[in-house]
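> 3D, please:
(chains A and B)
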Amino acid sequence: MPRPFTPKVVTANDLVEGDVIYLAHDGAWVRDMCMAWLIEDEDEAATQLALAETQPEIAVGPYLAGAKACPVGPVPTHFREVFRANGPSNRAHGKQASAPVAAHAYAKAAAHV
Amino acid sequence: MYDYNNFDEGFVRNRVSQFRAQVARRISGALTEDEFKPLRLMNGVYLQLHAYMLRVAIPYGSLNPHQMRQLAMIAERWDKGYGHWTTRQNIQYNWPRLADIPDMLEALADVGMHAIQTSGNTIRNVTADHFAGAAADEIEDPRPTAELLRQWSTDHPEFQFLPRKFKLAVTGSKADRAVTKAHDIGIRIVKNDAGEVGYQILVGGGLGRTPVVGQVLKDFLPREDLLPYVEAVVSVYNTLGRRDNKYKARIKITTMENGIDKIHDLVEARFAQLRPQFSGIDQAHFADISANFKAPEFKTASLDGYHAARDADPIFRSWSDTNVDDHRANGYGIVTISMKAHGATPGDADGNQMRMIADLAEQFGHGDIRISHEQNVVLPHVHRADLPAVFATLRAHGLATANAGLISDIIACPGMDYCALATARSIPVAQEIAERFDELKIEHDVGHLQIKISGCINACGHHHLGHIGILGLDRAGVENYQITLGGDAGPDTTIGKRAGPGFAYDQIVPAIERLVLAYLDLREDESETFIDAFRRLGEAPFKAALYPEEDKTHAA
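From the prediction side, this is the model:
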């Protein structure tokens, strides 16, 4: 029996910077996961992923990543996505260097994944 | 060391120019990612978790101070101020922008460096003993052999699309600090009964999801046969190696599936075809290369100051006992600069540290620097009279940790903090183990003990070869760490065995602590190392320390 669909965000790496990007509800690509579109419908997720794949000049390697709603916005449900959303755990680099509030939320979320 | 000639420089600059145009076409949209990816990989450019990663070749780990300063400049100008030494004697920059990478490559070309064949299914950066040309136990300096192989393999038209990546390592010492048995081809410089220097050729070693110890393919190969023989091996692999399944594509699988005898026969047949094509010019070239690696003019100086410093300063004495190895020249030592300060990221060096090391190499080290596969930096030629000054400078910059070969000198891959392939983190585990044993103050009492950590089954952290190996995995969405015991990276390379169930992230450091404290109780005396005690006693008492609850269950 197929697993029930769980909410997802569309994520990729930015072509020029290489950093993690997320698809927002208005179709724009954003850097912070808390601004991403948490897609709760499976067909919609497939549609948005297919659209992302048509934008190779912006997004490299788009895929669907598990996420859940949180007061600050979507947060990851897998620890890999916590590091992608936040930055490496050995240095305060990556997203956490520029978005400490979101980083705190992700860190809290990470404690529960 | 080898200096690039005009041909080398032209070749590298042409590649930079080509790649600059390829990057421009990718950014403009003229190239798709599928079209661009193989091109960027051919120039050492990966896309990792948070950014692009540029892997720069440091052939056989050798650098001069000028090159080291350029690596520092690149780190500060186009990255976040630091670089990462890898287990294949490369440096990786973790944060470059795609548009900046051609400029980074141009800056590398300015000092005779590049990133060619640091990725892709080609012959990768040729590695060698990091004590080459200095070690007291050396038969011959392996660097000229490694350089000959580097030149032969670079852009070799037949070997740009092998079934999988292909790694060569060369050692000139029986101690084998190049881990030759864990490479696709391991090359050991040996002497035959007649006293002639030649090569023992090992084949089919490798780690990853199927760890295999290399086998002897040729006991003694005359020097003049090296290139045609190695070419024959790679040619046979290129033909036989599986391209239907990337997990079965390495030569270790080819060797296991066909048997060493068949591989031997095929290589000999191919060698017979190739040998006439090598007319001897490669040997003339080898002689030219060797001339570039002549030993420095070693000085003579009084050792009084060195002995006085040892008597007066126990911290210096501890460091020189732990981090300085015997040199073949009287009065000299080989200095290992530990890049594993307790709590630091193993193998990371910032720009200031790189420049300081370059200065030390110039002032005290005959301008020679090495990067070890253990992710440390080595000054291979330092007179012992200069060691107090070297130590003082290192200490002032936080690089005088006296832990070379000890429990906190941990090889750790980048793991899930950076690597797109990783399934768990490595770096923080290494940091926490190092900090814990620093708190316990038993590191020097424990003595020689190699812990190696990989964040996935690909084993870049060589966990199979750790006396204690740690493999990070994803178990149902949670980081989980398996322990292997009894591995060894020495000349009699041994693959460690899995001890039992894995440990959660917050349980791995206590597990390692139990293991090491058990060793202290079990050893016969202080001279018996962890690996010796493990070999004497077997795994049972160590597993009992790792899994005390299971032991109680069985007792009940």
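> residue ranges in the chain under the pLDDT threshold?
Using chain A here. A:99-113 (pLDDT under 70).
> sorry, should have said chain B
In chain B, residues with pLDDT under 70: B:551-556.
> hey, which helix is longest across it?
In chain B, with assignment by DSSP state H, the single longest helix is helix B:6-28.
> can you tell me how far whichever residue of the stretch 151-300 of chain B sits closest to chain A is from residue B:165?
Nearest residue of the stretch 151-300 of chain B to chain A, counting by C-beta to the nearest C-beta: residue B:246, 18.0 Å away. For the C-beta atoms, the positions are set from N, CA and C on the backbone; glycine is no exception. Residue B:246 is 10 Å from residue B:165, where distance means C-beta to C-beta, to the nearest Å.
> ok, residue B:445 next?
40 Å.
> what of residue B:295?
33 Å.
> of these two, who's got more company?
More crowded of residue B:295 and residue B:165, by other C-beta atoms under 10 Å in any protein chain shown: residue B:165, with 17 against 12.
> skipping its backbone neighbours, what lies nearest residue B:298 in space?
Among residues not flanking residue B:298 along the chain, residue B:329 sits closest, at 4.4 Å (C-beta to C-beta, 6 or more residues apart in numbering or on different chains).
> next: residue B:373.
residue B:87 (4.9 Å).
> contact residues of chain B facing chain A?
B:26-27, B:29, B:32-33, B:47-52, B:80, B:95-99, B:345, B:416-418, B:425, B:427-428, B:431, B:474, B:477-479 (C-beta under 8 Å from any C-beta of the partner chain).
> of those residues, which belong to helices?
Filtering the residues of chain B next to chain A for helices - DSSP H - leaves B:26-27, B:33, B:427-428, B:431.
> the residue of the stretch 451-556 of chain B found nearest chain A: neighbour count?
Of all residues in the stretch 451-556 of chain B, the one sitting closest to chain A is residue B:477 (5.4 Å; C-beta to the nearest C-beta). Residue B:477: 12 surrounding residues under other C-beta under 10 Å.
> that one against residue A:78, yeah?
Yes. The pair residue B:477 and residue A:78 qualifies as a contact (C-beta atoms under 8 Å) at a distance of 5.4 Å.
> residue B:399: what secondary structure?
Following DSSP: H, G, I helix; E, B strand; the rest coil, we place residue B:399 in the coil state.
> residue B:162 versus the residue of the stretch 151-300 of chain B closest to chain A, what's the distance?
Distance from residue B:246 to residue B:162, by C-beta to C-beta: 12 Å.
> can I get stretch B:231-251 in CSV, CA atoms only?
Coordinates of each C-alpha in stretch B:231-251 appear next as CSV, following Å, rounded to 0.1, in the frame of the first residue of the first chain:
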residue,chain,number,x,y,z
GLU,B,231,48.9,1.4,-18.6
ALA,B,232,48.3,-2.3,-19.2
VAL,B,233,46.5,-2.6,-15.9
VAL,B,234,44.3,0.4,-16.5
SER,B,235,43.7,-0.7,-20.1
VAL,B,236,42.5,-4.2,-18.9
TYR,B,237,40.3,-2.6,-16.3
ASN,B,238,38.9,-0.1,-18.9
THR,B,239,37.9,-3.1,-21.1
LEU,B,240,36.7,-5.5,-18.4
GLY,B,241,35.3,-3.1,-15.8
ARG,B,242,31.6,-3.2,-15.4
ARG,B,243,29.7,-0.2,-16.7
ASP,B,244,26.2,-1.6,-16.0
ASN,B,245,26.4,-1.0,-12.3
LYS,B,246,28.4,1.8,-10.7
TYR,B,247,28.6,-0.1,-7.4
LYS,B,248,30.4,-3.0,-9.2
ALA,B,249,32.5,-0.9,-11.5
ARG,B,250,35.7,-0.4,-9.5
ILE,B,251,38.7,-2.6,-10.3
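> for that stretch, the distance to its chain's centre please.
Put simply, stretch B:231-251 sits 23 Å off its chain's centre (C-alpha atoms, centre = their mean, to the nearest Å).
> list, one by one, the residues from chain A near chain B.
Checking chain A against chain B by C-beta under 8 Å from any C-beta, the hits are A:13, A:15-20, A:56-57, A:60-61, A:77-80, A:83-84, A:87-91, A:93-95, A:113.
> quick one, which of those residues are buried?
In those, burial by neighbour count holds for A:13, A:15-20, A:56, A:60, A:77-80, A:83-84, A:87-91, A:93-95, A:113, counting by 16 or more other C-beta atoms under 10 Å in any protein chain shown.
> among the residues you listed, which are in strands?
Secondary structure assignment by DSSP state E places A:13, A:20, A:60 of these in strands.
> need those in JSON lines (columns: distance to residue B:112).
Output for these, formatted as JSON lines (distance: C-beta to C-beta, whole Å):
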{"residue": "A:13", "distance to residue B:112": "32"}
{"residue": "A:20", "distance to residue B:112": "35"}
{"residue": "A:60", "distance to residue B:112": "32"}
